[in-house]
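1. Sequence and predicted structure, then a few things I'm wondering about:
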Number of protein chains: 2
Amino acid sequence: MADGRVERGNQTRRAVLDRTMSIASVDGLEGLSLGKIAADLGLSKSGVFALFGSKEDLQLATVRAAVDVFLNEVVRPVHRDPDGLSKVWRLCERWLDYSRRRVFPGGCFFYAVSAEFDARPGPVRDEIAKVRSDWTRYVERLLDEARPAGGFGSPEDTDAVPQLAFELMALMELANAHSVLHGDPLAYERAGRGILGRLRAVAAAPEELPERPPVFSSSS
Amino acid sequence: MADGRVERGNQTRRAVLDRTMSIASVDGLEGLSLGKIAADLGLSKSGVFALFGSKEDLQLATVRAAVDVFLNEVVRPVHRDPDGLSKVWRLCERWLDYSRRRVFPGGCFFYAVSAEFDARPGPVRDEIAKVRSDWTRYVERLLDEARPAGGFGSPEDTDAVPQLAFELMALMELANAHSVLHGDPLAYERAGRGILGRLRAVAAAPEELPERPPVFSSSS
DNA sequence: TTACCGAACGCACGGTCGTTCACTCAGTGG
DNA sequence: CCACTGAGTGAACGACCGTGCGTTCGGTAA
């Protein structure tokens, strides 16, 4: 089996999700409208509906599709790099670039939908919370793996890694928020500077990290 | 003139805005519904509509009302304190407490509506952007005023203040986001620790700042 | 008293929303 | 060949949306 009927369905689903990811990053997952999507893609409203079963299922599918994009854009490019704080820095660089390049037109997809659903119980919020936990744990794991290589924090300070992960993620997210709201690319430079500052402060070999982040805002 | 008729209108307006601020911090400004609000307050839909002129005007009025709450909760309590990094720290403490106490049930009002409107042009987004700029400038001003007192950064490093303001705000906002999404008060401790770390790193007299933030997550 | 003003109401409007249902049609598996 | 399945259609549904209009009522000012 596989080709023909079901494959056509998968392609349509993919096309729908490409649209909904873009829309949701700007207008939120609640801003998705079956009618609008159908009109955009030249389909019938009921056809789009039937492909996903319900609006909530469409929202969940959109979140999962965005995870896949995020993994391709941010996580996988550095996944095989050698452990160390340089790898953490490259991951952060990828993240800032993912936001800066507007892979999703509204900036980071997960920033938008987290803020939208963070206080609204339900399956969508649960999925978003799970995705964010996974991301947090991944950053912490990379920092943990950098410990023997770069060495930072005293071994008994078990909170150094989550604390540092928290600070890095905070800088990345505000860069996204500030840049999208004010259209100011300088925010990415500030975040990069802050991240490098934190990483160099704990690094056993700071010279392996750049002194300054790449410049995105040409003021000349 | 003044009393009687128009005063009654002002009281109703205040009651409406109290509701809309709460709703918007959870469901967003787009989640406001004239019908719902009217039903909640025992008014007619058209009555609520007439009080504000349009839904967009209601959204704008809600943002401005939230600014007033924010000023009362965060800014004014420390406004007369003596300049210095201690004042900056107290401001950050007030902010974290404002988020933690859920002055707005969905956490920080401006975090919610910024993420909602950051990529959606229009008067509401412009108002939100202006409010955030004002807040940023206030933090930077306090840091600037702390310079002669506490002294930090070389005088020619004109970017030290905005950079530090960016990092402090990033930590505060992620604390709010993480706490609302995951119900985890530990985030406030992490933010406080990060903020104190940054402030103590630049302070001429670090002993005037606490070593650790107050503990909010009782794990015992 | 008379004239006016703003709050608040009731009603109806045009539109959009998510969802349902019966249906066609084409590819799949026995 | 036949039975079946899933993609996609089209019309209709009930609910809710923001908005406009005409009106009522009570407080204000001449």
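-> It's in.
2. quick check, stretch A:15-29 touching chain B?
-> Yes. Counting by CB under 8 Å from any CB of the partner chain, contacts between stretch A:15-29 and chain B involve A:25-28. (Each C-beta comes from the backbone N, C-alpha and C, glycine too.)
3. With respect to DNA strand C, which of these is nearest?
-> Among the residues of stretch A:15-29 next to chain B, A:Asp27 lies closest to DNA strand C (CB to the nearest atom of the strand), at 10.4 Å.
4. Next up, the contacts around that closest one.
-> Neighbouring residues of A:Asp27 by CB atoms under 8 Å, 6 or more residues apart in numbering or on different chains: A:106, B:120.
5. How about A:Glu140?
-> Contacts of A:Glu140 (CB under 8 Å, 6+ apart): A:161-162, A:165.
6. Which ones, among those residues, also lie beside DNA strand D?
-> When CB under 7 Å from any atom of the strand is taken as the criterion, no member of the contacts of A:Glu140 contacts DNA strand D.
7. Most neighbours of all these, which one?
-> Within these, most neighbours by other CB atoms under 10 Å in any protein chain shown means A:Ala165, with 22 neighbours.
8. quick one: buried residues of the helix or strand hosting that one?
-> In this structure, A:Ala165 is located in helix A:160-182 according to DSSP states H and E. For helix A:160-182, burial by neighbour count (16 or more other CB atoms under 10 Å in any protein chain shown) applies to A:160-181.
9. try stretch A:46-61
-> Neighbour-count burial for stretch A:46-61 flags A:48-49, A:51-52, A:58-61 (criterion: 16+ other CB under 10 Å).
10. Repeat that for stretch A:10-17.
-> Buried positions in stretch A:10-17, judged by neighbour count with 16+ other CB under 10 Å: A:13, A:15-17.
11. which one of those residues is nearest chain B?
-> The nearest member of the buried residues of stretch A:10-17 to chain B, counting by CB to the nearest CB, is A:Leu17 at 19.0 Å.
12. now the closest one, nearest residue through space, not along the chain?
-> Excluding its sequence neighbours, the residue lying closest to A:Leu17 (CB to CB, 6 or more residues apart in numbering or on different chains) is A:Ala65, at 4.2 Å.
13. And the closest residue to A:Val161 other than its chain neighbours, how far from B:Phe49?
-> Leaving aside its sequence neighbours, A:Val161 sits nearest to A:Leu143 (CB to CB, 6+ apart; 4.7 Å). Remark: distance between A:Leu143 and B:Phe49 (CB to CB, to the nearest Å) = 53 Å.
14. circling back: helix or strand: which one has the residue nearest to A:Val161?
-> helix A:123-150.
15. got the residues of chain A near DNA strand C?
-> Listed as neighbours of DNA strand C in chain A under the rule CB under 7 Å from any atom of the strand: A:1-6, A:32-36, A:45-46, A:49-50, A:54-56.
16. Give me the subset of those lying in helices.
-> The helices, defined by DSSP state H, take in A:5-6, A:34-36, A:45-46, A:49-50, A:55-56 from the residues of chain A next to DNA strand C.
17. right, and A:Leu60 touches A:Ile128 too?
-> No. In this structure A:Leu60 lies outside contact range of A:Ile128 using CB atoms under 8 Å: 9.6 Å.
18. Secondary structure class of A:Glu193, three-state.
-> Wrong residue type there; residue A:193 is Arg, not Glu. helix (DSSP: H, G, I helix; E, B strand; the rest coil).
19. Before we move on, what's the pLDDT of the closest residue to it other than its chain neighbours?
-> Excluding the flanking residues, the one nearest A:Arg193 by CB to CB, 6+ apart is A:Pro213, at 5.7 Å. What the model reports for A:Pro213 is a pLDDT of 89.
20. Identify the residues contacting A:Pro213.
-> A:Pro213 makes contact with A:93, A:188-189, A:191-193, A:195-196 under the criterion CB under 8 Å, 6+ apart.
21. do A:Gly47 as well
-> Shown in contact with A:Gly47 (CB under 8 Å, 6+ apart): A:Ala38.
22. Can you name the residues of chain A that neighbour DNA strand D?
-> Counting by CB under 7 Å from any atom of the strand, chain A comes close to DNA strand D at A:5-6, A:8-9, A:12, A:38, A:42-47, A:50-51.
23. which one of these sits closest to A:Gly106?
-> A:Gly106 lies nearest to A:Ala38 out of the residues of chain A next to DNA strand D, by CB to CB, at 21.2 Å.
24. how distant is the host helix or strand of the closest one from the center of its chain?
-> With elements taken from DSSP H and E, the one containing A:Ala38 is helix A:34-41. Centroid separation between helix A:34-41 and its chain, computed with CA atoms, centre = their mean, to the nearest Å, is 26 Å.
25. tell me what that helix is packed against?
-> Where contact means 3 or more CB pairs under 8 Å, 6 or more residues apart in numbering or on different chains; DSSP states H and E, helix A:34-41 is packed against helix A:5-27, helix A:45-52.
26. Nearest to B:Phe117 among the ones you listed would be which one?
-> Here helix A:5-27 is closest among the helices and strands packed on helix A:34-41 (CB to CB), at 9.9 Å.
27. ok and the closest one relative to helix A:45-52, angle-wise?
-> On the basis of axes from the mean of the first three to the mean of the last three CA atoms, to 10 degrees, helix A:5-27 is oriented at 100 degrees to helix A:45-52.
28. where does helix A:5-27 sit relative to the chain's centre, distance-wise?
-> Worked out by CA atoms, centre = their mean, helix A:5-27 lies 19 Å from the chain centre.
29. Stretch A:158-168 too?
-> With CA atoms, centre = their mean, you get 19 Å for stretch A:158-168.
30. Restricting to C-alpha, output it in CSV.
-> This file holds the C-alpha atoms of stretch A:158-168, laid out as CSV (Å, rounded to 0.1, in the frame of the first residue of the first chain):
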residue,chain,number,x,y,z
THR,A,158,24.2,20.1,41.4
ASP,A,159,22.2,23.2,40.6
ALA,A,160,24.8,25.0,38.5
VAL,A,161,23.7,23.3,35.3
PRO,A,162,20.0,24.0,35.5
GLN,A,163,20.7,27.5,36.7
LEU,A,164,23.0,28.2,33.7
ALA,A,165,20.5,26.6,31.3
PHE,A,166,17.8,28.9,32.7
GLU,A,167,19.9,32.0,32.1
LEU,A,168,20.9,31.0,28.6
